[in-house]
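*Asks:* have a look; sequence and predicted model below, questions after that.
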Amino acid sequence: MPRMTGYDACRVMKADPELKDIPIVFLSAKGQESEIKTGMDVGAEDYLLKPFAPDQLTERVRAILAKFGK
């Protein structure tokens, strides 16, 4: 992302009353424990490491939507 990190974007979305309840999933090649922890700390619902299979992403999204009753 050219002007902000994914963490910054997540923080901005979670601070906006109209966007704060949208679940966020990080899709990242950064798999260090500190990177994952930062993503979860800023409000992500999940953190999926690249490369991943499309069915793995689909299953995670289904689980999140079920959790939120969607």
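*Replies:* Perfect, I can see it now.
*Asks:* from here on, just use CA atoms for contacts and neighbour counts.
*Replies:* Fine.
*Asks:* ok, then the element right after the host helix or strand of residue 9?
*Replies:* Here residue 9 is covered by helix 6-15, with elements defined by DSSP states H and E. Remark: after helix 6-15, the chain's next helix or strand is strand 25-28, criterion DSSP H and E.
*Asks:* list the helices and strands that following strand packs on?
*Replies:* Where contact means 3 or more CA pairs under 8 Å, 6 or more residues apart in numbering; DSSP states H and E, strand 25-28 is packed against strand 46-49.
*Asks:* buried residues, the next helix or strand after the strand it packs on. List them.
*Replies:* The helix or strand immediately downstream of strand 46-49 is helix 54-67, counting by DSSP H and E. The neighbour-count check on helix 54-67 (16 or more other CA atoms under 10 Å) flags 60-61, 64 as buried.
*Asks:* over to stretch 29-46?
*Replies:* 36, 39-40, 42-46.
*Asks:* centre of the chain to that stretch, how far?
*Replies:* With CA atoms, centre = their mean, to the nearest Å as the basis, stretch 29-46 stands 8 Å off its chain's centre.
*Asks:* so residue 36 is in which element?
*Replies:* Here residue 36 is assigned to helix 33-41, by DSSP H and E.
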